[in-house]
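# model this:
(one chain, ligands or ions: 1)
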Amino acid sequence: MTDTAPTVDPAFEAAYQAAQKSLSEGGIPIGAALARNGVVVASGHNERVQHGDPIAHGEMSALRAAGRQKSYRDTTLYTTLAPCAMCTGTIIQFKIPRVVVGEAETFPGEFDLLRSRGVEVVVLDDPRCVEMMRTFQDEHPELWAEDIAE
Ligand SMILES: [Zn+2]
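Modelled structure (predicted):
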């Protein structure tokens with residue numbers, strides 16, 4: 001776990017900005033970005049509310065935006081929140097070797113499953129992400145419950 005040093009990774013910032021964009025649209029503030037060698041391939045955000053699409057989690061939207069990739073072995077998936085079981089399954093399926101997560105305080109995700117399949121998980125403990133999710137979960141408990149199928 002890191003200290004509160006500001007995050008400067010541009011791929012993580014792309015994920016964070018995507019989450020903010022979703023929030024500004026009235027959506028769930030979770031963003032993600034796929035990067036290769038530090039360069040953002042694509043970013044996306046949760047679109048459940050915007051598109052009425054139940055599987056449009058941030059990670060899924062970023063991967064959809066990235067289009068077909070021959071291989072994901074040299075990629076990193078960035079996400080503002082710990083990946084759920086669905087997104088974890090997709091990460092495993094595509095053999096994405098590394099996931100960088102903004103925070104896992106407001107949702108634990110599936111780190112054990114990811115690590116059991118050899119995926120490196122890095123947690124940034126970014127206070128902006130915690131604040132963003134806490135506020136959203138407090139203000140929209142029904143949307144949040146729906147997103148994580150509670
Ligand atoms: Zn998910």
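# I'd say residue 130 and residue 101 touch.
No: Residue 130 sits out of contact with residue 101 when judged by CB atoms under 8 Å, with a separation of 11.6 Å. C-beta: built from backbone N, CA, C; applies to glycine.
# quick one: which of the two has more around it?
Neighbour count, other CB atoms under 10 Å: between residue 130 and residue 101, residue 101 has more, with 26 against 17.
# so where does that one fall, helix or strand?
strand 98-103 (DSSP states H and E).
# Next up, phi/psi of residue 134, please.
Backbone torsions for residue 134, taken as degrees, to the nearest 10, come to phi -60, psi -50.
# tell me how far the ends of stretch 72-89 are from each other?
Taking CA to CA, to the nearest Å, stretch 72-89 runs 14 Å from one end to the other.
# What of stretch 113-126?
In stretch 113-126, first residue to last residue: 22 Å (CA to CA).
# Quick one: mean pLDDT over it.
Averaging pLDDT along stretch 113-126 yields 98.
# who does the strand holding residue 101 touch, helix- and strand-wise?
Using 3 or more CB pairs under 8 Å, 6 or more residues apart in numbering; DSSP states H and E, the elements in contact with strand 98-103 are helix 10-24, strand 75-81, strand 120-123, helix 127-139.
# Tell me if that strand is near the ion.
No: using CB under 5 Å from the ion, strand 98-103 stays clear of the ion, with a minimum separation of 11.6 Å.
# from the chain's centre, how far out does that strand sit?
Computed by CA atoms, centre = their mean, to the nearest Å, the chain-centroid distance of strand 98-103 equals 7 Å.
# other SSEs contacting the next helix or strand after that strand?
The helix or strand immediately downstream of strand 98-103 is helix 111-116, counting by DSSP H and E. The elements that helix 111-116 packs onto, with contact taken as 3+ CB pairs under 8 Å, 6+ apart, are helix 85-93, strand 120-123.
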